[in-house]
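Colleague: Starting from these lines, generate the structure:
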Amino acid sequence: MAPLARLRNVGKAALADFKLLGIASVSQLAREDADSLYARLCLMTGRRHDPCVHDVFAAAIHQAKTGEALDWWAFTPARKRRQASGDFPAPPAP
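Modeller: Below you'll find the predicted structure:
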């Protein structure tokens, strides 16, 4: 199995986030949800992260589940629609 670092959108920052979140493998990542990971990251660090972090999580999870490697920004329009409708995880205020 390929390591997390081999996923298209996973660089040093995402690897550090996954480590903090306890995600150690692609198969483990495939069982996760971007909303939950993003909300947990914000809660664990006590700060609001850029919403693009959610998009990176979504892209990595998509690739882990399907094998299809899409750029993270392909997930931005759906996240922005959800933000506008109020259906997006509300991280803690700084």
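Colleague: Any idea how many residues pack against Asp17?
Modeller: 22 (other Cβ atoms under 10 Å). Glycine gets a C-beta too; all of them are placed from N, C-alpha and C.
Colleague: contacting residues for it?
Modeller: Leu37, Leu41, Val53, Phe57 (Cβ atoms under 8 Å, 6 or more residues apart in numbering).
Colleague: now the second one, what's its secondary structure?
Modeller: The one in question is Leu41. Following DSSP: H, G, I helix; E, B strand; the rest coil, we place Leu41 in the helix state.
Colleague: Run the chain-centre distance for stretch 43-55.
Modeller: In terms of Cα atoms, centre = their mean, to the nearest Å, the centre of stretch 43-55 is found 9 Å from the chain centre.
Colleague: Start and end of it, how far apart?
Modeller: 17 Å (Cα to Cα, to the nearest Å).
Colleague: Residues contacting that stretch, please?
Modeller: 14, 17, 20-21, 34-35, 37-38, 41-42, 72-73, 75-76, 79, 83, 88-89, 91-94.
Colleague: on that earlier part again, distance to Leu7, neighbour count and secondary structure for the contacts of Asp17 - can I get that in JSON lines?
Modeller: JSON lines is the format used below for the contacts of Asp17 (distance: Cβ to Cβ, whole Å; neighbours: other Cβ atoms under 10 Å; DSSP: H, G, I helix; E, B strand; the rest coil):
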{"residue": "Leu37", "distance to Leu7": "14", "neighbour count": "23", "secondary structure": "helix"}
{"residue": "Leu41", "distance to Leu7": "17", "neighbour count": "21", "secondary structure": "helix"}
{"residue": "Val53", "distance to Leu7": "15", "neighbour count": "20", "secondary structure": "helix"}
{"residue": "Phe57", "distance to Leu7": "11", "neighbour count": "28", "secondary structure": "helix"}
